[in-house]
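Colleague: Just the structure for this:
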Amino acid sequence: MKDQANTPVFATLGCRLNAYETEAMREMADAAGLKGAVIVNTCAVTAEAVRKARQEIRRLSRENPGAPVIVTGCAAQTEPETFAAMPEVSRVIGNHEKMQPATWTSIQAPDLIGQTEKVQVDDIMSVKETAGHLIDGFGRHRAYVQVQNGCDHRCTFCIIPYGRGNSRSVPAGVVVDQIKRLRDRGFNEVVLTGVDLTSWGADLPGQPKLGDLVMRILRLVPDLPRLRISSIDSIEADENLMLAIASEPRLMPHLHLSLQAGDDMILKRMKRRHLRDDAIRFCEDARKLRPGIVFGADIIAGFPTETEEMFENSLKLVDDCGLTFLHVFPYSARKGTPAARMPRVAGPAIKERAARLRAKGDAALSSHLQAQIGQTRLVLTEGPRLARTEHFTEVSFDRDMPEGSLIEVAIIGHDGQRLIA
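Modeller: Here you go, the predicted model:
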């Protein structure tokens, strides 16, 4: 950063929702006329995520000498003192505060240095409303819409509820109106996002379910070609969501599941609400309703007390559920969570199990890619030579394509990670 007149620098760590919120902060900071600051939106999902946040703050401070550094996000919410103690940091802002336009109008970069009120983080558990600032599209060709925030569950490994607060839902009418605007702007695909998406509606009048929201969107925005759902908790899938999976071709046949483990004892120690057979049954039921649907999943390797036999149950879950896309997380103790006090698995064993899970995931993806050869797929182009199928599988081209378009392509091969058209 050469002078204080420059546009603020934003850095995002962690989940898709964080990326969405960074775009909202960018809009608010721009509207407030904020200049010459660095804003880091942190993640707190693991101790490693916090370490990376500190590393990123130091790097950006070096690259932007003299620029005030504002730290926000889940790590700032859960341990503000960690970041307030860093000499590079000028202000720490909580997750609720970062989504308030008034926060950004009150900040002017030259005044940040030396302010006494360095930490602006309130009790996230007292927040009742969802983010009041909805942006009209994040992503160049695929729009992400935040419909829910926070989580009412207390999994023993997870710090996120303390960073995000309790579950809050955006009313269906607000969501539909936003998606109509996005469609008017030319977006061909919308993705519903949240921290605990399947809890949407529990705090709204009449307690509607996620499936009700999905059906309402598809009914009231009939010209939306594609609706996609981000990560869900399969045990909370409601009747209308299953109906939508079965009957609505515009709902994409790809679901990312928060499974975490495939062993019942580990699932109980995690305080998950499902057992192994529940996960398998959900995948079987969804596949019967929508043949060809594909599943991704989060799985943790080396959770405290996990034996080799317990890990094998997680490994087998990939085949038993027919998973295609795996997000593997080597267990990392998170201070402040019950799991951090449980007997730990040795580090080398965690690393080895994570590697085996990733290899299993690579084989599952390769099998999926191989099965697509010879098929014709309707893809959404994300770049001149990159697109994604209905299953969220990446497709590469050897020639430029019009970006943001839905086009039919013939799949002729794959490279182990992407399809080739």
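
Colleague: CA atoms for contacts and neighbours, from now on please.
Modeller: Noted.

Colleague: least trustworthy helix or strand in this structure by mean pLDDT?
Modeller: helix 109-112 (a mean of 51; mean pLDDT, DSSP states H and E).

Colleague: Which is the succeeding secondary structure element to that one?
Modeller: strand 119-120 (DSSP states H and E).

Colleague: avg pLDDT for that following strand?
Modeller: On average, the pLDDT along strand 119-120 is 80.

Colleague: strand partners of it, parallel vs antiparallel please.
Modeller: strand 89-93 (parallel) (DSSP bridges).

Colleague: hey, C-alpha coordinates of the partner strand in CSV?
Modeller: The C-alpha trace of strand 89-93 is given here as CSV (Å, rounded to 0.1, in the frame of the first residue of the first chain):
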residue,chain,number,x,y,z
VAL,A,89,-3.4,-5.0,14.9
SER,A,90,-5.2,-1.7,15.3
ARG,A,91,-8.7,-2.9,15.9
VAL,A,92,-10.6,-6.1,16.7
ILE,A,93,-14.2,-6.3,15.5
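
Colleague: May I see the buried residues of the next helix or strand after that strand?
Modeller: Next helix or strand after strand 89-93 toward the C-terminus (DSSP H and E): helix 101-105. Using 16 or more other CA atoms under 10 Å as the test for burial, helix 101-105 gives 101, 103-104.

Colleague: Check whether residue 19 really touches residue 12, as I assumed.
Modeller: Yes. Assessed by CA atoms under 8 Å, residue 19 is found in contact with residue 12 at 6.0 Å.

Colleague: More neighbours: which of these two?
Modeller: The neighbour comparison of residue 19 against residue 12 (other CA atoms under 10 Å) goes to residue 12, with 21 against 18.

Colleague: From residue 73, how far out is the more buried one?
Modeller: 9 Å (CA to CA, to the nearest Å).

Colleague: Over to residue 321?
Modeller: On the measure of CA to CA, residue 321 and residue 73 end up 34 Å apart.

Colleague: Name the spans of this protein whose pLDDT lies under the cut-off.
Modeller: 1-5, 108-116, 123-140 (pLDDT under 70).

Colleague: In it, which helix is the longest?
Modeller: helix 347-372 (DSSP state H).

Colleague: ok, and for that one, which residues are buried?
Modeller: Buried residues in helix 347-372 (16+ other CA under 10 Å): 350-351, 353-354, 357-358, 360-362, 364-366, 368-370, 372.

Colleague: do stretch 382-398 as well
Modeller: 382-383, 385-397.

Colleague: out of those residues, which are inside strands?
Modeller: 382-383, 386-388, 394-396 (DSSP state E).

Colleague: Please name the nearest non-neighbouring residue to residue 155.
Modeller: Nearest non-adjacent residue to residue 155, counting by CA to CA, 6 or more residues apart in numbering: residue 271, 5.0 Å away.

Colleague: can you confirm residue 407 is in a strand?
Modeller: Yes. Membership of residue 407 in a strand is supported by DSSP: H, G, I helix; E, B strand; the rest coil.

Colleague: Number of residues surrounding it?
Modeller: Neighbours of residue 407 (other CA under 10 Å): 14.

Colleague: So which elements touch the helix or strand where residue 143 lies?
Modeller: Assigned by DSSP H and E, residue 143 belongs to strand 142-146. On a contact count with 3 or more CA pairs under 8 Å, 6 or more residues apart in numbering; DSSP states H and E, strand 142-146 meets helix 16-32, helix 172-184, strand 189-193.

Colleague: next one: it to chain centre, how far?
Modeller: Averaging C-alpha positions (CA atoms, centre = their mean, to the nearest Å) puts strand 142-146 11 Å from its chain's average.

Colleague: about what we covered before: which one of the buried residues of helix 101-105 is nearest to residue 81?
Modeller: Nearest to residue 81 among those: residue 103, at 19.5 Å, using CA to CA.

Colleague: Which residue is the nearest non-sequential neighbour of that closest one?
Modeller: residue 97 (6.3 Å).
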